[in-house]
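[1] for reference, the sequence and a predicted model appear below.
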Amino acid sequence: MKLATWNVNSLGVRLPQLLDWLSLHQPDVLVLQETKLTDDKFPQADIAAAGWHSVWHGQKTYNGVALLSRSPATALVKNIPGFDDPQARVIAASVGDLRVIGAYFPNGQAPDSEKFVYKMAWLDALHEWLRRELAEHPRLVLMGDYNIAPEDRDVFDPVAMAGQIHCTDQERAHFQALLDLGLVDAFRLFDQAPRIWSWWDYRNLAFRKNQGLRIDHILVSQGLRDQVTACVVDKPTRKNERPSDHAPVLVEIKG
DNA sequence: ATGGCCTTGGTACAAGGA
């Protein structure tokens, strides 16, 4: 099973790149973030013609998530149950014997902002929900754009970024709290070269200089840990014409 | 360097992203 996550930064703009990517990588499951489409605009027909089922949860202009799968998704959940949220950030479903959660974590803007307060409340709600989901679904994958760089080695300039958004102790404590539930960062199950990122700013020639952050993650439950055979960032896709600022992240799970 | 880019909405430029 090949699963992947990709923040496409507008599916309206990136649909041709998505269809190319599906054809090239043939994932069993792909979750998307920042589709930026209302539900009536979701390109279900194009994706179905390419050979994937899809479920989606969108809104106008901002946010928006989707889950594409080779076999149909069931037991669909949109957003965090019990957390009243006008922002479309979460989609969860069962695909085969896997529980898959795709999430677009809040950015948070700056540690002293109202948006950071929202990010913290959202992370609290996610944590409590995940505790329940894991009890119900031992084979679970949580993947998406976390907007958190878990460690200094996930940041191109950790000195300059110290205490800044994505790198605060509070955000990192929330990431650790997810690990403490029994989730494992699939990327760190393997030897990885240094300076691998999943996002590069459009500005500053950041991609050319490889100045980025690793903020897109795939966490797997303990029940899946021993079946994970690979986890990589698809950097070449960030070089394509008219790219998203994020690269996809992929995981391979045995069986 | 308090920035540089890209996207949306809407048709000028502000807001959001990270």
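    Received, thanks.
[2] got a list of what the closest residue to A:Asp157 other than its chain neighbours touches?
    Of all residues beyond its chain neighbours, the one nearest A:Asp157 is A:Gln211 (7.1 Å), with distances taken as C-beta to C-beta, 6 or more residues apart in numbering. No exception for glycine: its C-beta is placed from N, CA and C like everyone else's. The neighbourhood of A:Gln211, defined by C-beta atoms under 8 Å, 6 or more residues apart in numbering, consists of A:Phe156, A:Asp157, A:Trp200, A:Asp201, A:Asn204.
[3] measure A:Gln211 to DNA strand B for me?
    Relative to DNA strand B, A:Gln211 is positioned 10 Å away (C-beta to the nearest atom of the strand, to the nearest Å).
[4] tally of neighbours for A:Gln26?
    11 (other C-beta atoms under 10 Å).
[5] how about it: what's its closest non-neighbour residue?
    Nearest residue to A:Gln26 in three dimensions, chain neighbours excluded: A:Lys2, at 7.0 Å (C-beta to C-beta, 6+ apart).
[6] need the phi and psi values for the one you found.
    With angles defined as degrees, to the nearest 10, A:Lys2 shows backbone torsions of phi -110, psi 120.
[7] I figured it hits A:Leu68, correct?
    No: in terms of C-beta atoms under 8 Å, A:Lys2 does not count as a neighbour of A:Leu68; the distance is 12.0 Å.
[8] what is in contact with those two at once?
    By C-beta under 8 Å, 6+ apart, the residues touching both A:Lys2 and A:Leu68 are A:Pro27, A:Val29.
[9] out of those two, which sits in the busier spot?
    With other C-beta under 10 Å as the criterion, A:Lys2 and A:Leu68 differ in neighbour count, and A:Leu68 comes out ahead with 27 against 15.
[10] pretty sure that one is touching A:Ser54, no?
    Yes: judged on C-beta under 8 Å, A:Leu68 makes contact with A:Ser54 at a distance of 4.8 Å.
[11] joint contacts of the two?
    Here A:Leu68 and A:Ser54 share the contacting residues A:Ile47, scored by C-beta under 8 Å, 6+ apart.
[12] ok so, going back, how close does the residue nearest to A:Asp157 sit to A:Thr168?
    Here the distance between A:Gln211 and A:Thr168 works out to 20 Å (C-beta to C-beta, to the nearest Å).
[13] secondary structure element for A:Leu76?
    Per DSSP states H and E, A:Leu76 falls inside strand A:74-78.
[14] need the residues of the stretch 151-255 of chain A near DNA strand B, please.
    A:Ile165, A:His166, A:Trp199, A:Asp201, A:Tyr202, A:Arg203, A:Asn204, A:Leu213, A:Ile215, A:Arg242, A:Asp245, A:His246 (C-beta under 7 Å from any atom of the strand).
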